[in-house]
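**Student:** below are the sequence and a predicted model; questions follow.
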Amino acid sequence: MNKVLILNGSPHKHGCTATALDEMIKVFEEEGVGTELIQVGTKDIRGCISCNKCSETGKCVFDDLVNEVAPKLEEADGLVVGSPVYYGSPNGNIISFMDRLFYSTHFSKHMKVGAAVVSCRRGGNTASFDVLNKYFTISGMPVASSSYWNQVHGFTADDVKKDLEGLQTMRNLARNMSFMIKAFSDAKVKYGYPEVERGCFTSFPDGK
């Protein structure tokens, strides 16, 4: 069975972000795609300190939720990252988590399907959406889209339940993501995944 890993960056397990993610989980179940929800926002997650120990050990030097989730990401066919908006950006926990998760894991994320989901009362959704999508696009992960930007609006979970277009967007996102995951699985067998070149690395250490 195909599987999607879902990260909730909100400190509220049953808040606005969770309401959006729950709407997706219902559709994934209907589509026969397995899910695992990880609560990131309730954990004490520190940021990357650029020690580069992960290049030697294959895991982050801080042995916390990041290292627990890493093998789950390696096995997953897709990743959904949900976050509330704080000052026009994803919240600090999910940024710290994603920085360390993506930098410390050296397995290929190529062709795993990624989707960002953001929630705010009013403004800042599209800026936060853009930040989260960059983790996918630097990693060769196709980004799932929907019938609108992947966002919901509301100050409380009950508010989000009134955002009918937002919830519709979540359902369409989960359907599109399910289709992409299944299609890529079939294509991998039939064609193989695209070749990835790694020879070039832009750097100017000579100062020229």
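**Tutor:** Perfect, I can see it now. Numbers count the residues shown, from 1 in each chain.

**Student:** C-alpha from now on. contacts and neighbour counts both.
**Tutor:** Fine.

**Student:** which residues of the chain fall in strands?
**Tutor:** With DSSP state E as the criterion, the chain has strands at 3-8, 34-39, 78-86, 89-90, 113-120, 151-153.

**Student:** per-residue pLDDT, the most centrally placed residue in the chain?
**Tutor:** In the chain, the C-alpha closest to the average C-alpha coordinate belongs to residue 81, at a distance of 3.0 Å (Cα atoms, centre = their mean). What the model reports for residue 81 is a pLDDT of 98.

**Student:** ok, residue 208 next?
**Tutor:** Value for residue 208, per-residue pLDDT: 60.

**Student:** ok, back up a step: my read is that the residue nearest to the centre of the chain contacts residue 116, right?
**Tutor:** Yes: at 4.9 Å, residue 81 counts as touching residue 116 under the criterion of Cα atoms under 8 Å.

**Student:** tell me, what's touching those two both at once?
**Tutor:** When Cα atoms under 8 Å, 6 or more residues apart in numbering defines a contact, the residues bordering residue 81 and residue 116 alike are residue 132.

**Student:** for the chain, which segments count as helices?
**Tutor:** 16-30, 54-57, 65-75, 92-104, 125-137, 157-162, 164-190 (DSSP state H).

**Student:** thought residue 140 was touching residue 109, still the case?
**Tutor:** Yes: in terms of Cα under 8 Å, residue 109 counts as a neighbour of residue 140; the distance is 6.6 Å.

**Student:** show me which of those two is the more surrounded one.
**Tutor:** When residue 109 is set against residue 140 and neighbours are counted by other Cα atoms under 10 Å, the residue ahead is residue 109, at 23 against 16.

**Student:** hang on, the earlier thing: could you dump the helices of the chain into TSV and include distance to residue 2?
**Tutor:** Putting the helices of the chain into TSV (distance: least, Cα to Cα, whole Å) gives the following:
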stretch	distance to residue 2
helix 16-30	10
helix 54-57	28
helix 65-75	9
helix 92-104	21
helix 125-137	19
helix 157-162	28
helix 164-190	7
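
**Student:** now those in TSV, with mean pLDDT and mean neighbour count?
**Tutor:** Conversion of those to TSV gives the following (pLDDT from 0 to 100; neighbours: other Cα atoms under 10 Å):
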stretch	mean pLDDT	mean neighbour count
helix 16-30	98	21
helix 54-57	94	12
helix 65-75	97	16
helix 92-104	98	20
helix 125-137	97	19
helix 157-162	98	17
helix 164-190	97	19
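
**Student:** mind checking these for the one nearest to residue 45?
**Tutor:** Distance to residue 45, taken as Cα to Cα, is lowest for helix 92-104 among the helices of the chain, at 5.9 Å.

**Student:** the closest one packs against which elements?
**Tutor:** Using 3 or more Cα pairs under 8 Å, 6 or more residues apart in numbering; DSSP states H and E as the contact criterion, the neighbours of helix 92-104 among helices and strands are helix 65-75.

**Student:** give me the angle between the helix it packs on and strand 78-86.
**Tutor:** Our comparison of helix 65-75 with strand 78-86, counting by axes from the mean of the first three to the mean of the last three Cα atoms, to 10 degrees, yields an angle of 140 degrees.

**Student:** so what does helix 65-75 touch, helix or strand wise?
**Tutor:** In this structure, helix 65-75 packs against helix 92-104, with contacts taken as 3+ Cα pairs under 8 Å, 6+ apart.
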